[in-house]
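# coordinates only, sequence not included:
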């Protein structure tokens, strides 16, 4: 199971959970029953590999649109027509001072001035006595805030709490909390003071958030160490009773979590695949008899699984 994997099931049909319901081994069950099945799957597994996507943070209340967006970005909405935090990250702001007024505020409310979401706490509660590892495409640090041991975590797409050189000249990242807080505190009229614009200490190029946006994404020493631990966990549990637990993973980057989980489940007759996702709970039909599919709120299912 490679870190990036294509979908070998393209010629397969797919089994999809009913809207607001669940399938266990292909049989329809209720959300309440699915929570019980999930608890049993975790208890019976020798190891659990968790794959977490944006749906887990959304279930935690870290929404990027609606009331929360309006609370923090009404001025950017009104001036630039930006409708949500996600699209705002790609907006062509008129100058670097405005760019960092946006990004410092975005990072502050999603990384620093935030508590761990209950679904993240529930994941760790369910896994506390298990041999487990987490791979996530989320960049909001929620697993760390919830108390996960960093040796059990691989954050593939970066971290809001880090800056990197736009040219990735040194393959190093920089902790950014002090700079971000200063930018937020001192910005006026959606611009930060020019003297606060961050630049690379090695080459003088602009610094940018450490997010996988192009080929210059910085995979630093910590990133590669986490990748090595992830690959070692997979090798150690290539066989036996393994639960591949997918939480809120959508279709943006299926090559990182979804396809590798399907491949690993297919290669190990003792493995089970579980997918919790609102509106996108499906699996290749050839794996349906060894799958739990839940179309519902991820946090609700996790909470019910603890009862």
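It's in. As the structure is a computational prediction, the values presented were derived from the model and not from experiment. Residues are numbered from 1 along each chain as shown.
# what's near enough to touch the nearest residue to residue 236 once chain neighbours are set aside?
Leaving aside its chain neighbours, residue 236 sits nearest to residue 47 (7.8 Å; criterion: CB to CB, 6 or more residues apart in numbering). For every residue, glycine as well, the C-beta is placed using N, CA and C. Shown in contact with residue 47 (CB atoms under 8 Å, 6 or more residues apart in numbering): 130, 131, 132, 133, 233, 236, 237, 240, 241, 242, 243.
# rerun that using 10 Å as the cut-off
Neighbour list for residue 47: 130-133, 233-234, 236-237, 240-244, 271 [criterion: CB atoms under 10 Å, 6 or more residues apart in numbering].
# Please apply the same query to residue 13.
Contacts of residue 13 by CB under 10 Å, 6+ apart are 284, 285, 286, 288.
# thinking again about what came up before, the contacts of residue 47 in helices, which ones?
Per DSSP state H, helices hold the following members of these: 233, 234, 236.
# isn't there a helix covering residue 213?
No - counting by DSSP: H, G, I helix; E, B strand; the rest coil, one finds residue 213 to be coil, located in no helix.
# how many other residues sit next to it?
Per other CB atoms under 10 Å, the neighbour tally for residue 213 reads 13.
# Surely residue 101 touches residue 93?
Yes - in this structure residue 101 lies within contact range of residue 93 using CB atoms under 10 Å: 8.3 Å.
# which residues are in contact with both of these two?
Taking CB under 10 Å, 6+ apart as the contact rule, residue 101 and residue 93 both touch 76, 190, 191.
# quick one: the first one and residue 296, what's the gap?
Using CB to CB, to the nearest Å, one obtains 33 Å as the distance from residue 76 to residue 296.
# Counting neighbours, which of the shared contacts of residue 101 and residue 93 comes out on top?
Neighbour counts for the shared contacts of residue 101 and residue 93 peak at residue 76, which has 21 neighbours (criterion: other CB under 10 Å).
# That one contacts residue 99, correct?
No - taking CB under 10 Å as the definition, residue 76 is not a contact partner of residue 99, at 11.2 Å.
# between those two, what contacts are shared?
Contact with both residue 76 and residue 99 is made by residues 91, 93, according to CB under 10 Å, 6+ apart.
# Run through this protein and note the low-pLDDT ranges.
By pLDDT under 70, the weakly predicted segments of the chain are 1-2.
# Kindly recompute the last result at 80.
1-3, 307 (pLDDT under 80).
# Now do the helices in it.
For the chain, the helices defined by DSSP H occupy 31-44, 54-59, 67-80, 85-88, 96-107, 118-127, 142-146, 177-186, 221-236, 258-267, 298-306.
# As TSV, these with distance to residue 160 would be great.
Putting those into TSV (distance: least, CB to CB, whole Å) gives the following:
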stretch	distance to residue 160
helix 31-44	29
helix 54-59	11
helix 67-80	14
helix 85-88	11
helix 96-107	5
helix 118-127	15
helix 142-146	10
helix 177-186	9
helix 221-236	14
helix 258-267	23
helix 298-306	21
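# can you give me the strands for the stretch 151-300 of the chain?
Counting by DSSP state E, counting those that start in this stretch, one finds strands in the stretch 151-300 of the chain at the ranges 153-155, 158-165, 173-175, 207-211, 242-247, 272-276, 282-284, 291-294.
# list the helices and strands the longest one packs on?
The helices and strands touching strand 158-165, judged by 3 or more CB pairs under 10 Å, 6 or more residues apart in numbering; DSSP states H and E, are helix 96-107, strand 173-175, helix 177-186, strand 207-211, helix 221-236.
# can I get those in a markdown table with distance to residue 275 and mean neighbour count?
Listed next are the helices and strands packed on strand 158-165 as a markdown table, based on distance: least, CB to CB, whole Å; neighbours: other CB atoms under 10 Å:
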| stretch | distance to residue 275 | mean neighbour count |
| --- | --- | --- |
| helix 96-107 | 29 | 22 |
| strand 173-175 | 32 | 17 |
| helix 177-186 | 35 | 16 |
| strand 207-211 | 25 | 21 |
| helix 221-236 | 18 | 15 |
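# Which of those sits closest to residue 277?
Residue 277 lies closest, by CB to CB, to one member of the helices and strands packed on strand 158-165: helix 221-236, at 21.4 Å.
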